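In: Quick one, what's the 3D model for this:
(one chain, ligands or ions: 1)
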Amino acid sequence: MKIAFIGLGNMGGGMAANLVKAGHTVNAFDLSGDARAAAADAGCEAHDTVESACESAEAVVTMLPNGEIVRSVYGDQVIAATPKGAIFLDCSTIDVTTAKEVEAISVGAGFEMVDAPVSGGIAAANGGTLTFMVGGTDSAFERAKPILEGMGKAVIHAGEAGAGQTAKICNNMLLAIHMIGTAEAMKMAQKLGLDPQKFYEISSQSSGYNWSLNAYTPLPGVGVESPADNDYQGGFATGLMLKDLRLAMEAADKADAAVPLGARAASLYEDFAGAGNGGLDFSAIIKTY
Ligand code: NAD
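Out: The predicted model follows:
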């Protein structure tokens, strides 16, 4: 299949390379010349404009920083340049409202579209092991699925347009809450004189069991190996967690959903990122205890 891929950054670069490995012809574009060159090295055909990448595409995949950019790339460029009938897949993490609006504009112009944000970081993007949560019609999902399977290990139809973004922000709000809860409990146990490794052994097999504790232990040298053991480098950056929490708070506000713990988590991550820690893995929030 001929696929245009727009946004070849930390995530998109590896995803585009995996589409090449899956046998697709990938016409790649990014504003960054370095990103275009890396994509060419990975077997993509690098293009100088969005329009030239899209002009004969049967599918367009985007992996862009935010909703404003997604709206302008589709609204001002992709829709006008792509042959009618192509399928659009936006894998960026953006707000639910923009995702729905861009889908509606695309459908109005003769295209099917899914929002397909991902769980999994740069390693999963490079390794082709992302999880995609997909919003869109049954027909759009069926067309998008084989393309997404070339970049991930799981492709789940969440519901109608915007449902993928909804799943993503609710999941990451929960992740922030259990990471903070895990950090708080581990540090309290330590202050009360309990060896943190003993706390890990007990709680990870008790009702305190959760992903942040069991699979991503936030204290160095305790539990499983994680970014904590690498000075909180790599992993999922605090700045990206904060981005997702802001999107979650905006969506909660619009839906009139009560999120007292999500709001507290957002404000703790806001403070932590504001103190210059945006580049550290999000588990480094334990340092504030
Ligand atoms: P990034 O900043 O590394 O990459 C974004 C790329 O988009 C950049 O290369 C930039 O040059 C390009 N770009 C920006 N505007 C453009 C335009 N108008 N036309 C073409 N290219 C343009 O970001 P990333 O880490 O790859 O993240 C991409 C998306 O994936 C974000 O929405 C992010 O929230 C989401 N995400 C990231 C991670 C992660 O661990 N990095 C995990 C899950 C989801």
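In: Please enumerate the strands of the protein.
Out: Counting by DSSP state E, the chain has strands at residues 2-6, 25-29, 45-46, 59-62, 87-90, 112-115, 118-119, 130-135, 152-159.
In: Make CSV out of those strands and add distance to Ile286 and mean neighbour count.
Out: For every residue, glycine as well, the C-beta is placed using N, CA and C. Putting the strands of the chain into CSV (distance: least, Cβ to Cβ, whole Å; neighbours: other Cβ atoms under 10 Å) gives the following:
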stretch, distance to Ile286, mean neighbour count
strand 2-6, 37, 26
strand 25-29, 39, 25
strand 45-46, 42, 18
strand 59-62, 34, 25
strand 87-90, 34, 27
strand 112-115, 32, 28
strand 118-119, 22, 20
strand 130-135, 25, 24
strand 152-159, 29, 18
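In: Closest residue of the stretch 1-150 of the chain to the ligand?
Out: Closest to the ligand within the stretch 1-150 of the chain is Gly9: 1.8 Å, counting by Cβ to the nearest ligand atom.
In: What sits closest to that residue if chain neighbours are left out?
Out: Spatially, and ignoring its direct neighbours in sequence, Gly9 is nearest to Ala35 (6.4 Å; Cβ to Cβ, 6 or more residues apart in numbering).
In: According to the record, where do the domains of this structure fall?
Out: 2-160, 166-288 (automatic domain parsing).
In: on that earlier part again, torsion angles phi and psi at the residue of the stretch 1-150 of the chain closest to the ligand?
Out: Main-chain torsions, Gly9, degrees, to the nearest 10: phi -80, psi -150.
In: if we can go back for a sec, mind listing what the residue nearest to Gly9 touches?
Out: Ala35 sits next to Leu8, Gly9, Gly12, Gly13 when contact means Cβ atoms under 8 Å, 6 or more residues apart in numbering.
In: Can stretch 231-245 be said to contact the ligand?
Out: Yes - Stretch 231-245 lies within reach of the ligand by Cβ under 6 Å from any ligand atom, at Phe236, Leu240, Lys243.
In: Could you dump those into JSON lines and include neighbour count and pLDDT?
Out: Formatted as JSON lines, the residues of stretch 231-245 next to the ligand follow (neighbours: other Cβ atoms under 10 Å; pLDDT from 0 to 100):
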{"residue": "Phe236", "neighbour count": "20", "pLDDT": "92"}
{"residue": "Leu240", "neighbour count": "17", "pLDDT": "94"}
{"residue": "Lys243", "neighbour count": "20", "pLDDT": "97"}
